[in-house]
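Visitor: Just a sequence and a predicted model for now, questions to come.
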Amino acid sequence: MTPEEPHETALPFDGGQGLKNALRRVFDGQIPNYGDYNLVFAAPRTAAGSRRSTRVPATQPPAPSAFVVGYRWKPMELMIAPVDLAAITGAGVPVEVNMTNLAHALQWDDDDSFEVGTSTGRIFRFDVAAEPVLDIGPGTPLLLDQEDDCLDFTAFMDAFIAMA
């Protein structure tokens with residue numbers, strides 16, 4: 001006989017500064033001049049309000065489970081670095097989005113997610129939440145407190161969208 005599993009999900013652990021430092025290391029390891037950027041954690045989105053599907057055709061590489069988004073005000077740009085949360089490592093080639101390659105930038109009314117597109121056809125749609133819960137493995141949800149960062153990022157995106 002096996003014991004019954006609890007029906008309630010456990011509250012996420014506080015990821016604290018250690019989680020922020022781990023995400024910073026992922027970003028810093030991929031980006032030149034990494035110290036110039038403020039960082040936020042972002043969850044990928046697809047269609048209005050839906051999280052990105054984990055099912056992908058066999059011919060495509062798996063989608064990143066998250067992004068670390070670096071942003072700086074001068075020169076105004078975003079650096080979107082894919083992250084594999086299970087390993088807390090880089091999950092692809094970071095993409096720079098600035099005024100020379102920006103095709104569009106907007107914030108969706110239906111879910112407040114952001115979308116940026118480049119002139120080469122890359123489109124990124126993502127959420128930046130004040131207290132996201134990162135699923136870094138089975139039974140290991142971590143809470144990331146980025147409330148102040150989220151406010152600053154939203155102000156940045158308002159300016160970035162206005163310039164688009």
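Guide: Great, that's in hand.
Visitor: Find the least confident helix or strand in this structure, judged by mean pLDDT.
Guide: With mean pLDDT, DSSP states H and E as the measure, the helix or strand of the chain carrying the lowest mean pLDDT is strand 13-14 (a mean of 78).
Visitor: Who does that strand pair with, and is each partner parallel or antiparallel?
Guide: Paired strands of strand 13-14, with direction, are strand 141-143 (parallel) (DSSP bridges).
Visitor: how about the residue nearest the centre of the chain, what does it touch?
Guide: Taking C-alpha atoms, centre = their mean, the centroid of the chain lies closest to Ala42, which sits 2.0 Å from it. Applying C-beta atoms under 8 Å, 6 or more residues apart in numbering, we find Ala42 in contact with 66-69, 80, 114, 126-128. All C-beta atoms are positioned from the backbone trio N, CA, C, and that covers glycine.
Visitor: switch the cut-off to 10 Å
Guide: Remark: with contacts taken as C-beta atoms under 10 Å, 6 or more residues apart in numbering, Ala42 is in contact with 66-69, 80-81, 83, 113-114, 124-129, 132, 146, 153.
Visitor: again with Ser119
Guide: By C-beta under 10 Å, 6+ apart, the contact list for Ser119 reads 97, 100-104.
Visitor: Tell me the secondary structure of Ala81, please.
Guide: The assignment at Ala81 comes out as strand when based on DSSP: H, G, I helix; E, B strand; the rest coil.
Visitor: Give me the distance between it and Ile31.
Guide: Counting by C-beta to C-beta, to the nearest Å, the gap between Ala81 and Ile31 amounts to 7 Å.
Visitor: The two: who's more crowded?
Guide: For Ala81 versus Ile31, the count of surrounding residues by other C-beta atoms under 10 Å is larger for Ala81: 27 against 19.
Visitor: Identify those among the contacts of Ser119 that sit within strands.
Guide: Of the positions in the contacts of Ser119, 97, 102-104 sit in strands, assigned by DSSP state E.
Visitor: which of those residues are buried?
Guide: Applying a neighbour-count criterion of 16 or more other C-beta atoms under 10 Å, the buried members of the ones in strands among the contacts of Ser119 are 97, 102.
Visitor: Name every strand pairing with the strand or helix carrying Val116 and say which way it goes.
Guide: When secondary structure is defined using DSSP states H and E, the element that contains Val116 is strand 114-118. Strand 114-118 pairs in its sheet with strand 102-107 (antiparallel), strand 123-127 (antiparallel), by DSSP bridges.
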